[in-house]
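A.B. asks: coords below, sequence missing:
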């Protein structure tokens, strides 16, 4: 352990958030975790009597975030690392999925993350140090039928993270977008929102994907504890990555996507450059 840091992790009740909190505590970091209830707060604080603090906060309660962050800075100490982990998956064919479901997906996965960043930045910028980890997804690079709203939210967070990193580099603040593949979390289970099916035209393309996802839930390749250790390695790095893929499935799918993109760009190059002048 190079040095002990204070991490603020959103959504520490389960999944990556809980795994990262536990691994961080085990190696001597302090962790403040946001949860959704007083009971979850007590459960989280029981992980460590002197290094785990819970805060009840819904990341979509945008007006509450600044006060919570200021309170953490005053009572626990300077926040060295913000980990935007709170998020959920929405599954649904786009034509079938109501717009309010998209708005909710973006409120949590995009606006909530941005609001948290805005909360910590004045403190990090004043200290000229800090690290922001935004948990995105391989769904921020690749897509598949039936998760258009989810992929949209993760593509958005990838782009925001990359631009933000360029804005903050001069202040000694690093931004890393962490894109996991399939892991044994509740993403495809308890925490996924599913829009009811209504248009049979989509059965052929979507039903096999939904069946495969449900069958695989809980048996995914990725180990959240190992993902947590990978994130801690990024946090400890002198030069943290701008983006970090987690999992061999994510690596293969993203590489395939990049090579397909390159092939299409090359195939349409004449048309692309024909618009100059």
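C.D. replies: Structure's in. What do you need? Note that this is a predicted model, so its numbers are computed, not measured. Numbering: from 1, shown residues only.
A.B. asks: going forward, measure contacts between C-alpha atoms and count neighbours the same way
C.D. replies: Will do.
A.B. asks: ok, which stretches of the chain are helices?
C.D. replies: With DSSP state H as the criterion, the chain has helices at 15-26, 38-45, 62-75, 99-106, 113-127, 148-168, 203-216, 224-236, 248-267, 269-273.
A.B. asks: so who does residue 11 touch?
C.D. replies: Contacts for residue 11 (C-alpha atoms under 8 Å, 6 or more residues apart in numbering) come out as 17, 18, 33, 34, 35, 36, 85, 86, 87.
A.B. asks: model confidence for it, exactly?
C.D. replies: With respect to pLDDT, residue 11 has a value of 96.
A.B. asks: now it, nearest residue through space, not along the chain?
C.D. replies: Of all residues not flanking residue 11 in the chain, residue 86 sits nearest, at 4.5 Å (C-alpha to C-alpha, 6 or more residues apart in numbering).
A.B. asks: that older thread, of the helices of the chain, which shows the lowest average pLDDT?
C.D. replies: Minimum mean pLDDT among the helices of the chain: helix 203-216, a mean of 89.
A.B. asks: return the set of buried residues in it.
C.D. replies: 206, 210, 216 (16 or more other C-alpha atoms under 10 Å).
A.B. asks: ok now that helix, how far from the chain's centre?
C.D. replies: 24 Å (C-alpha atoms, centre = their mean, to the nearest Å).
A.B. asks: one more: stretch 210-225?
C.D. replies: Distance, stretch centre to chain centre, for stretch 210-225: 18 Å (C-alpha atoms, centre = their mean).
A.B. asks: over to stretch 227-239?
C.D. replies: Relative to where its chain is centred, stretch 227-239 has its mean C-alpha point 15 Å off (C-alpha atoms, centre = their mean).
A.B. asks: mind listing what's buried along it?
C.D. replies: So, applying 16+ other C-alpha under 10 Å, buried residues of stretch 227-239: 227, 228, 230, 231, 232, 234, 235, 236.
A.B. asks: same question for stretch 51-64.
C.D. replies: By 16+ other C-alpha under 10 Å, the buried positions in stretch 51-64 come out as 51, 52, 53, 54, 55, 56, 57, 58, 59, 60, 62.
A.B. asks: show the end-to-end separation of it, please.
C.D. replies: 23 Å (C-alpha to C-alpha, to the nearest Å).
A.B. asks: returning to that earlier point: and of the buried residues of helix 203-216, the nearest to residue 177?
C.D. replies: residue 216 (25.2 Å; C-alpha to C-alpha).
A.B. asks: could you dump the buried residues of stretch 227-239 to TSV with distance to residue 121?
C.D. replies: Below are these laid out as TSV (distance: C-alpha to C-alpha, whole Å):
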residue	distance to residue 121
227	25
228	23
230	24
231	20
232	21
234	19
235	17
236	20
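A.B. asks: what about the residue most central in space within the chain, distance to residue 86?
C.D. replies: Nearest to the geometric centre of the chain sits residue 135, at 2.0 Å (C-alpha atoms, centre = their mean). Applying C-alpha to C-alpha, the value for residue 135 to residue 86 is 8 Å.
A.B. asks: near the residue nearest to residue 229 when sequence neighbours are not counted, how many other residues are there?
C.D. replies: Setting aside the residues directly before and after it, residue 229 is nearest to residue 23 in space (C-alpha to C-alpha, 6+ apart), at 6.8 Å. Using other C-alpha atoms under 10 Å, residue 23 has 18 neighbouring residues.
A.B. asks: so residue 23 makes contact with residue 230?
C.D. replies: No - taking contacts as C-alpha atoms under 8 Å, residue 23 lies outside contact range of residue 230: 10.4 Å.
A.B. asks: fine, thanks again, bye for now.
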